[in-house]
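Visitor: Build the 3D model from these lines:
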Amino acid sequence: MSDAPIDLALLDPILDEFKTQKGAVIPILQRAQDAYGYLPKEVVTAISKKTRIPLSQLYGVVTFYAQFNLERRGRHIVRICDGTACHVRGAPKIVDGVGDAFGIKPGGSDPDYKYTLEIVYCLGSCGLAPIAVVDDQVYGQTDTDTLVEYLHELE
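Guide: I've put the predicted structure just below:
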């Protein structure tokens, strides 16, 4: 699957909105990521040129905060908890099962960018272990088959 060219014109209204605000690096990056789904290097470079914020400063912010993504992600974000309670109750098997079913490695996306698989280390609901969160929907006491079936329904 080839990636479409990046339309840098999407940045113009974002940069216009913040052009009079000093120190608006994080909101600019957040809005840009909302527009593109992630922060491609072309977008970060364009932000740097148009705002005169050094590229090193932008990358410093992007790599410091976990909310920013430099790689394309799937339309559906699958987070599987592997904290202690979830791990003991089978989270590694769920990670492996989802990975095998969709050809995804933890931290990566499937070839069609339908899914991104992330491992997190606590979702604060240990009584519901093992837990998966798909597009902000929580699935407690889940298992591989149930989660894979649900993900197939999203296609």
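Visitor: Buried residues, whichever strand or helix holds residue 153. List them.
Guide: Assigning secondary structure by DSSP states H and E places residue 153 in helix 144-154. Within helix 144-154, the residues scored as buried using 16 or more other CB atoms under 10 Å are 144, 147-148, 151. The way it works is simple: take the backbone N, C-alpha and C, and place the C-beta from them, glycine included.
Visitor: Same question for stretch 37-49.
Guide: 39-40, 43-44, 46-48.
Visitor: Going by distance to residue 68, which of these wins?
Guide: For the buried residues of stretch 37-49, the residue nearest residue 68 by CB to CB is residue 39; the value is 5.9 Å.
Visitor: Any idea how far apart the tips of stretch 19-30 sit?
Guide: Distance between the boundary residues of stretch 19-30 (CA to CA, to the nearest Å) amounts to 15 Å.
Visitor: now stretch 93-111
Guide: Using CA to CA, first and last residues of stretch 93-111 are 22 Å apart.
Visitor: now what about that stretch, what contacts it?
Guide: The contact list for stretch 93-111, computed with CB atoms under 8 Å, 6 or more residues apart in numbering, reads 1, 71-74, 78, 80, 82, 114-119, 130, 132, 142-145, 147-148, 151.
Visitor: Select only the buried ones of these in ChimeraX?
Guide: Listed next is the ChimeraX selection for buried residues among the contacts of stretch 93-111, using 16+ other CB under 10 Å:
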select :73,74,78,80,82,115,116,117,119,130,132,142,143,144,147,148,151
